[in-house]
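> pasting a predicted model and its sequence here:
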4 protein chains.
Amino acid sequence: MSLSLEQLIQLRREFHQFPETGWSEFWTTSKIADYLEAIGFQILLGKEIIHPDFVRGRNKTIVEKGIQRAINYGANPKWLDKMDGYTGCVAVFDSGKPGKTVALRFDIDCVDVSETKSPEHRANQLGFASVNEGEMHACGHDGHITIGLGVAHWLMANKDKLKGKVKIVFQPAEEGVRGAAAIAASGVIDDANYFAGSHISFCANSGTVLADPKNFLSTTKIDIRYKGKPAHAGAAPHLGHNALLAAAHAVTQLHGISRHGSGMTRINVGVFKAGSGRNVIPSDAEIKLEVRGENKEINQYMVDQVMQIAKGIAISFDVEYETEIMGEAVDMNNDAELVSLIKEIAIAQPQVHSSDKEYSFNASEDATILGRRVQENGGKAIYFIIGADRTAEHHQAEFDFDEEQLLTGVNIYTALVERLLA
Amino acid sequence: MSLSLEQLIQLRREFHQFPETGWSEFWTTSKIADYLEAIGFQILLGKEIIHPDFVRGRNKTIVEKGIQRAINYGANPKWLDKMDGYTGCVAVFDSGKPGKTVALRFDIDCVDVSETKSPEHRANQLGFASVNEGEMHACGHDGHITIGLGVAHWLMANKDKLKGKVKIVFQPAEEGVRGAAAIAASGVIDDANYFAGSHISFCANSGTVLADPKNFLSTTKIDIRYKGKPAHAGAAPHLGHNALLAAAHAVTQLHGISRHGSGMTRINVGVFKAGSGRNVIPSDAEIKLEVRGENKEINQYMVDQVMQIAKGIAISFDVEYETEIMGEAVDMNNDAELVSLIKEIAIAQPQVHSSDKEYSFNASEDATILGRRVQENGGKAIYFIIGADRTAEHHQAEFDFDEEQLLTGVNIYTALVERLLA
Amino acid sequence: MSLSLEQLIQLRREFHQFPETGWSEFWTTSKIADYLEAIGFQILLGKEIIHPDFVRGRNKTIVEKGIQRAINYGANPKWLDKMDGYTGCVAVFDSGKPGKTVALRFDIDCVDVSETKSPEHRANQLGFASVNEGEMHACGHDGHITIGLGVAHWLMANKDKLKGKVKIVFQPAEEGVRGAAAIAASGVIDDANYFAGSHISFCANSGTVLADPKNFLSTTKIDIRYKGKPAHAGAAPHLGHNALLAAAHAVTQLHGISRHGSGMTRINVGVFKAGSGRNVIPSDAEIKLEVRGENKEINQYMVDQVMQIAKGIAISFDVEYETEIMGEAVDMNNDAELVSLIKEIAIAQPQVHSSDKEYSFNASEDATILGRRVQENGGKAIYFIIGADRTAEHHQAEFDFDEEQLLTGVNIYTALVERLLA
Amino acid sequence: MSLSLEQLIQLRREFHQFPETGWSEFWTTSKIADYLEAIGFQILLGKEIIHPDFVRGRNKTIVEKGIQRAINYGANPKWLDKMDGYTGCVAVFDSGKPGKTVALRFDIDCVDVSETKSPEHRANQLGFASVNEGEMHACGHDGHITIGLGVAHWLMANKDKLKGKVKIVFQPAEEGVRGAAAIAASGVIDDANYFAGSHISFCANSGTVLADPKNFLSTTKIDIRYKGKPAHAGAAPHLGHNALLAAAHAVTQLHGISRHGSGMTRINVGVFKAGSGRNVIPSDAEIKLEVRGENKEINQYMVDQVMQIAKGIAISFDVEYETEIMGEAVDMNNDAELVSLIKEIAIAQPQVHSSDKEYSFNASEDATILGRRVQENGGKAIYFIIGADRTAEHHQAEFDFDEEQLLTGVNIYTALVERLLA
């Protein structure tokens, strides 16, 4: 039995109240698993869906804190145990009949923003504001979870009409484009013939669906750390191995990576922290950077150059180093078949009046990694945008969106599945 | 009436219990002023002794906190008012008879160290450990204050035998060599014919006085801050004015300042902090550095080069900048007359068995700025070391020293004054 | 009376034999002036057509040598005198009737290549190879001059049918995009309603005319020179002002100029020369660089950044500096009216079979500066390519082209003028 | 039979007329060999005295040219053959009686200076000026050769009074401190108990001998070459491997090598050459540098840092690299026994009035490599200066020296040998 708009809104507000930052979504994951196991889904968790070698930007302190908090909030110990430290889950629907496999992706993490205390903010008026200070569903991922759950209920209610399988991916850590790579690498959607993902609101208002946004930027987020040896800057500077100086030279080399003849590139070292006191040769330095490229190959050129420089600098200054990929996303072109379908399905919704506007995304989304994985395996993929009016821009403390579009979202996905698996 | 060893120890322990970090010595200063006004000294405070333009490394938050704490601890509001935000005082003794002027300098700040909780530590056993968490008299300046007060009592008790004047300088913020420049620039000791300062313990044990340590290093501590403009690193990087990149290039230029043909130089950028997030062109950067030189002129060469680079970089990257001198000390050669006197006086003390060892200081002390000011005005100066056994090295949480040497210190200073002003 | 193909070929071979590198085309200019004055043109020379402040990359030694050589080769002293050191001329045709003004541009300099000695090379077989060792018309500008002279003869032969004026610009120093800026700045074509320029051969074979090449890159060529002070690297390095170190840091900053959010940029420091001996602090350094931008504004952003860095570095290292713009070109979009005309005219030539291919130029031509000057004054401009088979690529020692296309070129230009001024 | 002053002057002028730059002294070597074989010396040449792996700064073009010139000037083919491309020789005197071995060293190369054409210059007046344009004995090595030959004649004339052996080293390529390392490494003087070398004139006038100059600086001269890949700077900059940019970053890192806590260091990149044109990513770069250190160990620290940086940069920029040691010298302390002897011997010469002045050399001489080799093998070494008035400073086109001091030099050496081997 499908969920009503009121039920969807109720779910969205429940998740809104317990926002969890990337890789700490233990309560959220256990709640999703509770709901979907109850209605018959197989729940895949932990290393079944996460390849640890491809986990990006996962902070152990935050993970520990998240587990503890989930326990305190009454998360189901069974799921916590199976998660094995890794959040997110894949809920598998099997019609029991042979057919295609569809993978749908909903991201579940929040952003690191403190929710407004303004009395005009709906979550404050109705009492569902974040209980986790400094964390807030200010990007609408609470809505994404809700749409995923709505689709799940519909699947079970319509099992008879469907063939094949649906894998609903509840992805952790989309912010910072950190979570998708590990899910892709696990192989859990390698049997998918179709992939669909979406964002609510973004830049579109209620009534508009953007079926074919262009220009997803490939990007990689990298941290570089240098470790040298301290020494007294006055008495024995030659005994030091200067990590700060190494990192400063790394920055000058990184910003000088050559432009690419075939397309746009970007490089930014956004954060630099090094040293403890002015009279000590600094033994530790960390820089946080990102590169971008017009496509996956150009972005990879930038990553290769960064890695080469990180290594060369370590040799020049005789310091140890490590590089860590903290996030990544690629470019993706929607497949024409799915674009046509979404346009057609969307415009058929009573509250939607536009589904064919051109739009340039010009930002990064790691759903692209999952989508391209499916495309590389011979399948088809789409990422689209479900318009929804909003009270403030994404990532702002006053963000809220038109909850009626939750139903629009569920209806588009279910119609899509019906067309693909009926 | 002079103070006994027991009284000196009592005083030292009182100051030990209330350590205050540089530029926050409001309680300490008011206490000294209370004691010395009571026995007839004229007390100079605030801008009478501090030239604000030459104040180095004074953090306003710490100043505010220090004032509030001093009020809470019952500091005399009269002094707090006169201090006008600047700690330290000069206590003036006037014999009433014409004669020379002697300036003596005692530093009064503590270091940023948490005192050990070990039950073996005397301050814990006898209940005079620091009540200010994170601050501790771990460098012996509590002893310095005490010797200064001891000398003050002796002066009043022996006024009849003396001619001329004595100015006892209780200097703030010696740690980081921050306080002396502002006192020198105030002109408060410009009438001095002699200057003497000292350190207790340091590298010498009880029974040894080092009358003529050599090789005080000239040094200047500098902070450089760049302020640019943020911009989105993907969409509009050309609109950013990159402060982090500016600072990184500054570091590479600073470390390349040419060696000096006439003597030793040093440069170290010890701390680098910049940027907020990896997808924003960083608009703020700060680096903390020090330079050193074999003498004042060579050190000034380094400072000039730093200032030139700081400015050039600001132009290259079209960012605003500021440089702040956070501390400074110079080299100084003790005058032979005073070295002879201290050797002679010291060895005459019953508990002292050595006063003529050669010793290379190889570090910085801002008493040198005061000493050279007196020398430049035609006077003579000395800086010496009063040996004292210690339980741990200076700046360590377990530091304590042989309190009997407080009396040695008082006796050397009073004998010196007697020889110079009798 | 118009020139025949044989006459055109004869002229081309004459100019081929006396190639002159940019800003030394004294013989060439005087020859053109002789020919065109003889048939009734007004000849503008020297500062009438060259604004000295915008002259780029003009080497005085080469100029002196060029003048001397032209004298030796029998150049007309009248023209040499009027040129006043600046090569190139504008030949003005006035129909005597009111009407529009058309500016045509033909570049006249050669490249710094030694012509092949191969007996298979036509110029060797027929005895018209370069007599100036190290200089060769290996880019086809001998053909350009010839077409310009052909057009000139036609104009005089057809004066009765024409209204308005034609200004035939014989431009010096196109190689290195050095000559156009000074002509534009002189204002000599500020009354033009139409502008046309072209290249022979380039990438198109006989029978093809490319009427609308796209993607002319804006570019600026810049030299930066630093002048410091030498000093003995062992005894007194601090007395040196290190120009080599300054230039090295300039290079690292230049390559780090931020990408532009709105379009393609390029930066390349292609040459670096500094210093005389390893034991002297180097007092002189020169770097040669170029920047490019997807359009004039983005290119100007790059130039501004270069100038800012050049200056900042000079301050950091306390060295003198100078920057010199050695060449420049801009992007230009052909006007639709002229593109249509050229397509139509070209395809009407018997030997032309294609005039509407799309083509991306992806290089720089300073005719664009003249074309945009006309466009900015409200006129229309075009730059097109006249295909011609060639024996080797442009700038190679074996280069030669299909001389029959000289007539194609003349015919296209004259048909264009007839359409615009009849 | 010993040589008279007139004979010495005659020899000096002969060598003055045929100056040969370092590693091209084929005529000079063959002449020395001719003279000394004739009076009974054993002549060691080529790889007998040169270890090819330690040859520094030897340019093959110059070597080829030197061989050809020596043939033209009539050099003895026997010696040219034995030299096998390596100049210099060791002439061995064996007394036939057991005893100590003394090594004496005389350097034979000229400097790259064109001799003055001034009629006031003695070599022009008397017709013995350099016949090799651009090469001149402007450092007095013609005198050194002559003294060596004078000593050789004396040895043969006094064979009866002597025990043991004398090895007279005629060293090539002292300029640039290039030749000594290869001779030391050959082991040819590993049996020496004593070593002596000297310079004529330098900073001392006739009548003064400096028996114990101090502060020979350790130094190493290094070339670094980077080889990348060219690419078009506009179309495909990412395909280039930028050698110029690599070298520029190398320079910034090299100048930032940390000062050494134990003593003086120097670094200077004195020459930088890279790139061919501004629109090509530069594929070749060369920098020429020197480091110095207060002693051999500190100098080695600098060399190690240079090598580390050279390698790290190659990795950062993915370019090939090579480093070449072009010269080297070390510090050396004269042995007291020999200092006493030289003082005593020198002052005993009628024309010498001073032999015990203190003097700081503050420059580099590769005789130190030979001297320290002997010291490391348990022997004793000295390097001293034989004063001589001069007409201009060393390395100037007008340089000449007081030829009477040739005899002083011979007499000091022969007296020394007599004292050591009698």
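Nice, I can see it.
> contacts, neighbours, all on C-alpha from now
Will do.
> which strands and helices lie in contact with the lowest-mean-pLDDT helix or strand in chain A?
Lowest on mean pLDDT, DSSP states H and E among the helices and strands of chain A sits strand A:360-363, with a mean of 84. Secondary-structure packing of strand A:360-363 (3 or more CA pairs under 8 Å, 6 or more residues apart in numbering or on different chains; DSSP states H and E): strand A:214-216.
> for stretch A:326-336, what is the average pLDDT?
Taken as a whole, stretch A:326-336 has a mean pLDDT of 96.
> could you tell me how far that stretch lies from the centre of the chain?
Relative to its chain's centre, stretch A:326-336 lies at 12 Å (CA atoms, centre = their mean, to the nearest Å).
> then stretch A:398-418?
For stretch A:398-418, the distance to the chain centre is 19 Å (CA atoms, centre = their mean).
> likewise stretch A:120-131?
On CA atoms, centre = their mean, the centre of stretch A:120-131 falls 25 Å from the chain's centre.
> name the residues of that stretch that come out as buried.
Residues of stretch A:120-131 classed as buried by neighbour count (16 or more other CA atoms under 10 Å in any protein chain shown): A:121-123, A:128-130.
> strands of the stretch 201-350 of chain A, start to end?
Under the criterion DSSP state E, counting those that start in this stretch, the stretch 201-350 of chain A contains strands at A:209-210, A:214-216, A:218-227, A:265-274, A:284-293, A:320-329.
> I'd like those as TSV, with mean neighbour count and distance to D:Ala348 appended.
Converted to TSV, the strands of the stretch 201-350 of chain A look like this (neighbours: other CA atoms under 10 Å in any protein chain shown; distance: least, CA to CA, whole Å):
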stretch	mean neighbour count	distance to D:Ala348
strand A:209-210	26	104
strand A:214-216	19	91
strand A:218-227	25	63
strand A:265-274	26	66
strand A:284-293	26	64
strand A:320-329	20	63
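> of the ones you listed, which is nearest chain C?
Nearest to chain C among the strands of the stretch 201-350 of chain A is strand A:265-274 (6.7 Å), distances taken as CA to the nearest CA.
> pull the contacting residues for A:Gly197.
A:104-106, A:367, A:382-384 (CA atoms under 8 Å, 6 or more residues apart in numbering or on different chains).
> mind redoing it with 10 Å?
Each residue near A:Gly197 by CA atoms under 10 Å, 6 or more residues apart in numbering or on different chains is listed here: A:103-107, A:144, A:169, A:367-368, A:370-371, A:381-385, A:413.
> and the residues you listed, which are buried?
For the contacts of A:Gly197, buried by 16+ other CA under 10 Å: A:103-107, A:144, A:169, A:367-368, A:370-371, A:381-385, A:413.
> which residue does the stretch 301-422 of chain A bring closest to chain C?
Counting by CA to the nearest CA, the stretch 301-422 of chain A gets nearest chain C through A:Asn362, at 11.1 Å.
> that residue touches A:Thr219, doesn't it?
No - if you go by CA atoms under 10 Å, A:Asn362 and A:Thr219 don't touch, sitting 11.3 Å apart.
> what touches both of those two?
Here A:Asn362 and A:Thr219 share the contacting residues A:294, A:331, B:234, scored by CA under 10 Å, 6+ apart.
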